[in-house]
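[1] how would this look folded up:
(one chain, ligands or ions: 1)
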Amino acid sequence: MNKLHQFLKTRRSIRRFKPDPVPAHVMEAILHTSTFAPSAHNLQPWRFVQVESDSAKEKLGNALTTKMRTDMELEGALQADIQKRIKISLRRISEAPIIIILCRDIEAIRENKREDEIMGIQSIALAGLQLLLAAEAEKVSGNWICWVLYAQKETISALELPKNWLPEAMLFLGYADEEPEDAKHHTHENLTIKR
Ligand SMILES: Cc1cc2nc3c(=O)[nH]c(=O)nc-3n(C[C@H](O)[C@H](O)[C@H](O)COP(=O)(O)O)c2cc1C
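    Numbering: from 1, shown residues only. Below is the predicted model:
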């Protein structure tokens with residue numbers, strides 16, 4: 001048990017990867033384990049899109065950064081800052097050996113209610129965490145990336161995804177080429193109510 005606690009505490013976000021590919025059977029095992037996450041009403045709304053080829057990465061990168069530019073221009077950002085942000089984003093997309101777009105099947109829902117939608121989002125997030133931990137077990141590092149949230153329609157269209165697969169997050173995966181950032185502070189704001 002202590003070993004499991006120790007393992008759970010070792011996962012960190014890694015943002016630089018070696019170019020080495022992750023073998024297909026390792027990715028299959030990681031994805032399979034992630035589907036053992038709990039889900040509301042056991043609806044298992046997670047859908048995974050695996051982006052590996054240079055051409056798919058290019059389509060994804062163009063879609064995300066075009067929207068990024070539009071949003072930043074609307075916010076009045078400086079051109080130099082926009083360029084810098086786009087350059088870093090494209091570099092990170094091209095360097096990640098594997099990108100998983102974590103999608104939510106918007107039709108895998110019990111009722112068309114806000115609470116059910118939230119339960120769907122919570123369920124896919126659990127699969128995402130389980131995926132990162134399963135990757136860790138295979139010595140594959142990862143980083144959760146939120147960029148697709150700002151370009152959901154654009155991502156569906158660029159990668160020709162099924163219309164009911166809503167991109168909620170991305171997971172960049174690969175073999176680490178950096179040490180994690182310094183140990184961080186862990187928030188413990190617990191409230192125990194005993195009466
Ligand atoms: C919902 C969510 C969105 C995140 N988005 C990004 C992101 O867009 N880019 C990034 O580099 N890291 C992102 N992260 C990773 C966090 O920055 C990271 O988990 C946090 O700093 C704690 O570090 P650790 O993962 O090493 O424990 C995200 C994490 C979560 C849970």
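
[2] show me where the chain has its strands.
    Taking DSSP state E, the strands of the chain run over residues 46-51, 98-105, 141-145, 165-174.

[3] how close does Leu161 sit to Leu60?
    11 Å (CB to CB, to the nearest Å). For the C-beta atoms, the positions are set from N, CA and C on the backbone; glycine is no exception.

[4] what is in contact with these two at once?
    Taking CB atoms under 8 Å, 6 or more residues apart in numbering as the criterion, Leu161 and Leu60 both touch Ile101, Thr155.

[5] the more surrounded of the two?
    Leu60 (25 against 17; other CB atoms under 10 Å).

[6] mind listing what's buried in stretch 74-86?
    Ala77, Ile82, Ile86 (16 or more other CB atoms under 10 Å).

[7] I meant stretch 134-142, not that one.
    Quick answer for stretch 134-142 (16+ other CB under 10 Å): Ala134, Ala135, Glu136, Glu138, Val140, Ser141, Gly142.

[8] and the average pLDDT for that stretch is what?
    Per-residue pLDDT values over stretch 134-142 give a mean of 98.

[9] quickly check: it near the ligand or not.
    No: using CB under 6 Å from any ligand atom, stretch 134-142 stays clear of the ligand, coming no nearer than 9.0 Å.

[10] which other residues reach that stretch?
    By CB under 8 Å, 6+ apart, the list of residues contacting stretch 134-142 reads 7, 10-14, 17, 22, 26, 29-30, 33-34, 131-132, 171-176.
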